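>>> the sequence isn't on hand, but the structure is:
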DNA sequence: TTCTTTTTTTGATTTTAATCAAGGTTAAGC
DNA sequence: GCTTAACCTTGATTAAAATCAAAAAAAGAA
């Protein structure tokens, strides 16, 4: 009677092993997958393929036909849009557990590029949409995730439309400090809402940050320098940030001062 | 045998008459309601109440508990967010057929105010969410609507983050010119995609426009004056706009010139 | 109607962040 | 390791939109 479940999951047949990819995933309790039981995960496994990308690779090209949707397993991606003359906006950064590509349009409306090494789970869009019809709780979960995205998009509009460069950077640093990247297993939970870290890596370049905040890289650089001089943050190398005075950063982010 | 359907819908009982509010709605083929059959519309009718607002009334207060959701029947609304010091952003304008308030958060994250006289259909949020579980096609429809909203939000982020004032105004005018406001009945269709009008009303104030485009009212006013002087548009009074050179306006909106 | 208030337009000035331009760092390739 | 290229920071200048200020136009009240 020892570990009967384990036996039945791995079994002797290689077929069963294949169907268990999703069951054995570190993130099976996160994200979209978190709402599914073992049998449903097996269905998902069958239509899923893992794909790996290097930093700077493009996963999705803006305007391409939307054939696939992706769930991020590991690594960080950016969503970008371009104007004809080359001006760029980063509309968001994607973290493990995030879902991308399901737009209900026939073409993608943004590019998706790897910021770090990335592992994604790729699903044929039409198959996943069919699955949505069969598993209502999947659709509910997706609706909830989209609702979150929409709220974040509105916050970002406020940032871009009405906040000063200092306020934008402060908001950004606080936001990133609250994201979890570790791939620890465990019961379902949100990608935010862990207690925030006061030390963290900025995986993206200054250019990515400026295109996300609607600024130039010079302004981003100068503003970070100002924060450092004011004792609000310290930096180690280019990527590592330490928040020294979170309260002040929060005040700045909310527009309560400068 | 004349009009048997009409008879069965109105019947003799006042109860049946009450349940037919949604069935007899001008917009029953639009929006969320468009996916429902008569019986389902009756269920919707039972939980729905019409509500009327004057211009400038507030329908939803930012941060209030999200008790209701709304479908716009007539009129135009704006979604607004405020910073502590009073800076304001209009995140969008809502037109008939638009849906608002279903955020899957316990509190609203924006205010909703009437720009014109408005008629809305109000639903208790919890009841509507329960109905979503029962009628999967409702959830699908909502998912599609949200997906559209998300795409629009990303376009607006590009506008706010990377476009010049002229480009913002051009994009805005083209966008408004493509919206339909008329309350004609007919089979389901999108709120956009009619052939665009070259003459239309701007129902909102210059302040609303500037808070939507991340500009000041002075810049909005000056930019409209410039367009007029360049023969791209003409104005009649404050609200009426005529597009005289749509092609040029499109070039400007896309950043192909100035 | 006239008077008042609100909204919009126009003009002058200031401020801010973009642009232009080097110089430093860090990372990557050989 | 060294060399080169990419990335980032800092400084000087410019340009663009915000701000400040006032006049004009429209809407609303009496």
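Yep, that arrived. Because the structure is a prediction, the values reported are computed rather than measured.
>>> switch to C-alpha atoms for all contacts and neighbour counts from now on
Fine.
>>> what about the helices in the stretch 151-258 of chain A?
Counting by DSSP state H, counting those that start in this stretch, one finds helices in the stretch 151-258 of chain A at the ranges A:165-177, A:206-213, A:217-229, A:246-253.
>>> can the first one be found next to chain B?
No. No part of helix A:165-177 sits near chain B under the criterion C-alpha under 8 Å from any C-alpha of the partner chain; the closest distance found is 11.2 Å.
>>> kindly report the same for stretch A:195-214.
Yes. Stretch A:195-214 is in contact with chain B by C-alpha under 8 Å from any C-alpha, via A:211, A:212, A:213, A:214.
>>> distance check, residue A:28 against chain B.
Counting by C-alpha to the nearest C-alpha, to the nearest Å, the gap from residue A:28 to chain B is 23 Å.
>>> spatially nearest residue to that residue, not counting backbone neighbours?
Of all residues not flanking residue A:28 in the chain, residue A:34 sits nearest, at 5.7 Å (C-alpha to C-alpha, 6 or more residues apart in numbering or on different chains).
>>> so the one you found, which of the three states?
helix (DSSP: H, G, I helix; E, B strand; the rest coil).
>>> wait, it sits on residue A:25?
No. The pair residue A:34 / residue A:25 is not scored as a contact, 10.9 Å apart, by C-alpha atoms under 8 Å.
>>> those two: which is more packed in?
Per other C-alpha atoms under 10 Å in any protein chain shown, whichever of residue A:34 and residue A:25 has more neighbours is residue A:34, with 17 against 13.
>>> for DNA strand C, what's the nearest residue on the stretch 51-200 of chain A?
Closest approach between the stretch 51-200 of chain A and DNA strand C, counting by C-alpha to the nearest atom of the strand: residue A:164, at 4.3 Å.
>>> and stretch A:163-175, does that touch DNA strand D?
No. Using C-alpha under 7 Å from any atom of the strand, stretch A:163-175 never reaches DNA strand D; the gap is at least 9.8 Å.
>>> pull the residues that contact that stretch.
Contact with stretch A:163-175 is made by A:159-160, A:213, A:215, A:219-220, A:223-224, A:249-250, A:252-255, A:258, as judged by C-alpha atoms under 8 Å, 6 or more residues apart in numbering or on different chains.
>>> just the buried ones from these?
Buried members of the contacts of stretch A:163-175, scored by 16 or more other C-alpha atoms under 10 Å in any protein chain shown, are A:159-160, A:213, A:215, A:220, A:223-224, A:249-250, A:252-255.
>>> what is the neighbour count of the residue lying closest to residue A:56 once chain neighbours are set aside?
Leaving aside its chain neighbours, residue A:56 sits nearest to residue A:114 (5.1 Å; criterion: C-alpha to C-alpha, 6+ apart). If you count neighbours by other C-alpha under 10 Å, residue A:114 ends up with 24.
>>> residue contacts, residue A:114?
By C-alpha under 8 Å, 6+ apart, residue A:114 lies in contact with A:53, A:54, A:55, A:56, A:57, A:58, A:59, A:75, A:76, A:77, A:78.
>>> quick one: pLDDT of residue A:27?
Note on residue A:27: pLDDT of 84.
>>> so it, which of the three states?
Assigned with three-state DSSP, residue A:27 falls in the coil class.
>>> hmm, it is touching residue A:73, no?
Yes. Residue A:27 is within contact range of residue A:73, at 7.1 Å (criterion: C-alpha under 8 Å).
>>> which residues do the two both contact?
Joint contacts of residue A:27 and residue A:73 (C-alpha under 8 Å, 6+ apart) are residue A:97.
>>> all set, thanks.
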